[in-house]
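>>> Below are the sequence and a predicted model; questions follow.
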Amino acid sequence: MGGVLILLVGLVVVYVVTGVRVVRQGYVYTIERLGKYTITAQPGLNLIVPFVDRVGHKVNMMEQVLDIPGQEIITRDNAMVGVDAIVFFQVLDAAKAAYEVSNLYLAVSQLTTTNLRTVMGSMDLDETLSRRDDINARLLTVVDHATSPWGLKITRVEIKDIRPPADISNAMARQMKAEREKRAQVLEAEGLRASEILRAEGQKQAQILEAEGRREAAFRDAEARERAAEAEARATQVVSEAIASSGTQALNYFVAQKYVEAVQQFATSPNAKTILFPVEATQLIGTLGGIGELIRDGVAGGTKDGGKPAGRA
């Protein structure tokens, strides 16, 4: 009797242990009863019916990364390019991912590969190299729509690398070099043009300023000549009035004064060793005599007017 009780307790323990399932975080288990899907076990402790229920598939519910192997694709302009891609996806419905497709990863890989050939095969080589964002967006839309019956959500599809043939790469490198040289020459020409324009503007401003300076100088020269002419006219008028009032005596005075100044300049010249007078001494003495008569007349006139001889000015 005691042995039977122990056996029963052992069977109960085995039954309970076999009916307990612990699911890790990030995973769900599909539970099958007699081979048919019945329920999805969520992360944590789950109880099933031993010997009747069993775990069918362990489905990863986290976002996963699937590497698409490199392949050769022919573009619309018949250029052969090598392409590598990568797909990010997440399982939203574990039952569909487990029972709607046989091999989930292989199916996603093959589906992405075929659509990648379709999308890039409809583009030229230059478009495939410059429009990666468009390619990624088109692939994301197509693959996500195709995998939705499998309970998947395609989050991103990215082109990792595009490898054109070596001869095309060399031609593109030469083209890029030619474009850069062309831009450099254009920039250099624009710089020379700008410098020539600035130089011409500077010369123009310099000529304008020089012309204005000459005009101002001519104006001032004319003004100076005008003032000199006015002074000369005034002096001539004064001399004429003196001659008119004093007769030949004033004329003799001015002639004698200029004569004496000229003789003085001859005498003080450092290069003058001998002075030759082209006139007779009696003429000089007569001129000096005329000066003396002018002085005596002036003194006499001053005595008559003021009652005493005029002093020095």
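Perfect, I can see it now.
>>> Report the beta-bridge partners for the residue nearest to residue 165 when sequence neighbours are not counted.
Among residues not flanking residue 165 along the chain, residue 80 sits closest, at 5.9 Å (CB to CB, 6 or more residues apart in numbering). (C-beta placed from N, C-alpha, C; glycine too.) Beta-bridge pairing of residue 80 under DSSP bridges involves residue 74.
>>> And for residue 80, the neighbour number?
Residues within reach of residue 80, counting by other CB atoms under 10 Å, total 13.
>>> Assess the claim that it and residue 73 are in contact.
Yes: applying CB atoms under 8 Å, one finds residue 80 in contact with residue 73, separated by 7.5 Å.
>>> one step back: who are the contact partners of the residue nearest to residue 165?
72-74, 165 (CB atoms under 8 Å, 6 or more residues apart in numbering).
>>> distance of it from residue 162?
11 Å (CB to CB, to the nearest Å).
>>> any low-confidence regions in the protein?
1, 239, 242-243, 246-260, 263-264, 266-313 (pLDDT under 70).
>>> middle-most residue in it, spatially?
In the chain, the centroid-proximal residue (CA atoms, centre = their mean) is residue 187; its distance is 13.0 Å.
>>> Checking that one next. Helix, strand or coil?
helix (DSSP: H, G, I helix; E, B strand; the rest coil).
>>> Repeat that for residue 83.
From three-state DSSP, the assignment for residue 83 is strand.
>>> now it: how far from residue 49?
Taking CB to CB, one finds residue 83 at 50 Å from residue 49.
>>> Next: residue 72.
Residue 72 is 53 Å from residue 49, by CB to CB.
>>> Between these two, tell me which one has more neighbours.
More neighbours surround residue 49 than the other of residue 72 and residue 49, with 14 against 10 (other CB under 10 Å).
>>> Please settle this for me: is the more buried one part of a strand?
No: per three-state DSSP, residue 49 lies outside any strand segment and is coil.
>>> OK, contacts around it?
Counting by CB under 8 Å, 6+ apart, residue 49 touches 19, 33.
>>> With residue 24 instead?
residue 43.
>>> from now on call the first residue 856
Will do, 856 is the new start, and the previous item becomes residue 879.
>>> Got phi/psi on it?
Main-chain dihedrals, residue 879, degrees, to the nearest 10: phi -70, psi 160.
>>> And it, how far from residue 887?
The value you get for residue 879 to residue 887, if CB to CB is used, is 19 Å.
>>> same thing with residue 1033?
For residue 1033, the distance to residue 887 - CB to CB - is 67 Å.
>>> Tell me how many other residues surround residue 1023.
Neighbours of residue 1023 (other CB under 10 Å): 14.
>>> I meant to write residue 890 there.
With other CB under 10 Å as criterion, residue 890 counts 7.
>>> any idea how far residue 995 is from it?
37 Å.
>>> how far out from the middle of the chain is the helix or strand hosting residue 982?
Take DSSP states H and E as the rule and residue 982 turns out to sit in helix 980-985. Chain-centre distance of helix 980-985: 28 Å, with CA atoms, centre = their mean, to the nearest Å.
>>> Check which residues of it are buried.
980, 982-983 (16 or more other CB atoms under 10 Å).
>>> now stretch 895-902
Neighbour-count burial for stretch 895-902 [16+ other CB under 10 Å]: 895-896, 901.
>>> Ok, stretch 861-872 next?
For stretch 861-872, burial by neighbour count (16+ other CB under 10 Å) applies to no residue.
>>> Repeat that for stretch 910-918.
So for stretch 910-918, counting by 16+ other CB under 10 Å, buried means 911-912, 914, 916.
>>> residues making contact with stretch 990-1001?
940, 942, 963, 966-967, 970-971, 974-975, 978, 983, 1007-1009, 1011-1014.
>>> can we see that at 7 Å?
Stretch 990-1001 is contacted by residues 966-967, 970-971, 974-975, 1008-1009, 1011-1014 when judged by CB atoms under 7 Å, 6 or more residues apart in numbering.
>>> from those residues, which is closest to residue 1074?
residue 1014 (79.3 Å; CB to CB).
>>> so which strand or helix has that closest one?
Per DSSP H and E: strand 1007-1018 holds residue 1014.
>>> And that strand, how far out from the chain middle?
The answer for strand 1007-1018 is 36 Å, by CA atoms, centre = their mean.
>>> how about the buried residues of stretch 910-918 in TSV, adding secondary structure and distance to residue 1026?
Shown next, in TSV, are these (DSSP: H, G, I helix; E, B strand; the rest coil; distance: CB to CB, whole Å):
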residue	secondary structure	distance to residue 1026
911	strand	56
912	strand	52
914	strand	49
916	coil	48
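>>> Closest one to residue 857 out of these, please.
For the buried residues of stretch 910-918, the closest approach to residue 857 (CB to CB) belongs to residue 911, at 40.7 Å.
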